[in-house]
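> No letters, just coordinates:
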């Protein structure tokens, strides 16, 4: 396999990811450029990245103090030079099938599509990667550099957007390699729901009783049944319940904020 064959800038933002970032970097060795933006790692993350630089990987290692998710991702995009960009997390990896798909769709002459959705296969603690028949989440991760924009008003669940045609890469997945404990998932749900509500309040979003009552259960059904996480047994049930809890926390905090009882 020829390294650095695809006109793609891999965009990675990180902090304290020494145990994860190596496999991520290995998986994007087909990219012509790898942008790594570190926000102040205290572990061996930078040492790992420099080891890959010494191996000849086309990595541009940058530092930027943490400004929040959207602005950090925008910072990485601002330093990219290739026609295409692949946004990837330090705890993710491109599988072999997806690698071939990305190389194929980013070749010169494929001008009809501005962005590609990629499916991400999550790793459930105690189970492993979600069942292959699970309908894995689609994320817009591959896009033309000059078409991409980022909504800087968001605090969480940010994603690059493109105005033109988008499609889904059907072959291959991003492997989300981090196994999250229930305690970590609940802590993240608490933090992320607060960040989301802060944005909603700024935008004048009002709480609705129907959303408070039905949205959490609807999200559980979406993941457990429609996305088929029931195929992962009790681990899929726990995962779907965590989505439900996050949805409930968001709606409840929005009510709380609207009543002025607490600051989000």
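Sure, I can see it. Bear in mind the structure is a predicted one, so any value in this text is a computation, not a measurement.
> Packing partners of the helix or strand bottoming out on mean pLDDT in the chain?
None of the helices or strands of the chain scores lower by mean pLDDT, DSSP states H and E than helix 182-202, at a mean of 93. Using 3 or more C-beta pairs under 8 Å, 6 or more residues apart in numbering; DSSP states H and E as the contact test, the elements touching helix 182-202 are helix 233-258. The way it works is simple: take the backbone N, C-alpha and C, and place the C-beta from them, glycine included.
> Now do the buried residues in the helix it packs on.
Neighbour-count burial for helix 233-258, counted by 16 or more other C-beta atoms under 10 Å, picks out 235-236, 238-251, 253-255, 257.
> Same question for stretch 171-187.
Result for stretch 171-187 [16+ other C-beta under 10 Å]: buried residues 172, 173, 174, 175, 176, 177, 180, 185.
> Now the fourth one. Nearest residue, chain neighbours left out?
Distance criterion C-beta to C-beta, 6 or more residues apart in numbering; nearest residue to residue 175, sequence neighbours excluded, is residue 93 at 4.7 Å.
> How many residues are close by the one you found?
For residue 93, the count of nearby residues is 22 (other C-beta atoms under 10 Å).
> Let me see the confidence value for it.
Note on residue 93: pLDDT of 98.
> Assumed it was part of a helix.
No - the assignment for residue 93, made by DSSP: H, G, I helix; E, B strand; the rest coil, is strand rather than a helix.
> about what we covered before: which is the succeeding secondary structure element to the least confident helix or strand of the chain?
Later in the chain than helix 182-202, the nearest helix or strand by DSSP states H and E is helix 209-221.
> quick one: average pLDDT of that next one?
Helix 209-221 comes out at a mean pLDDT of 95.
> just checking, what packs against that helix?
Helices and strands touching helix 209-221, by 3+ C-beta pairs under 8 Å, 6+ apart, are helix 233-258.
> hmm, back to that, helices - which of the buried residues of stretch 171-187 land there?
By the criterion of DSSP state H, membership of those in helices covers residue 185.
> Out of the buried residues of stretch 171-187, flag the one nearest to residue 203.
Ranked by distance to residue 203 (C-beta to C-beta), these are led by residue 185 at 26.4 Å.
> so what's that closest one up against?
Listed by C-beta atoms under 8 Å, 6 or more residues apart in numbering, the contact set of residue 185 reads residue 242.
> Okay, it and residue 66: tell me how far apart.
The gap separating residue 185 from residue 66 is 22 Å, by C-beta to C-beta, to the nearest Å.
> got the domain boundaries for this protein?
Domains of the chain are assigned by automatic domain parsing as 6-176, 182-258.
> hey, where'd the helices end up in the stretch 1-150 of the chain?
All helices of the stretch 1-150 of the chain, identified by DSSP state H, counting those that start in this stretch, fall at 21-27, 45-54, 69-78, 96-105.
> how close does residue 121 sit to residue 95?
8 Å.
> who touches both of those two?
With C-beta under 8 Å, 6+ apart, residue 121 and residue 95 have common neighbours 173, 174, 175.
> Return the member of those nearest to residue 23.
residue 175 (8.8 Å).
> so who does that closest one touch?
Contact partners of residue 175, counting by C-beta under 8 Å, 6+ apart, are 92, 93, 94, 95, 120, 121, 123, 129.
> what do you get for residue 125?
Contacts of residue 125 (C-beta under 8 Å, 6+ apart): 179, 180, 181, 182, 235.
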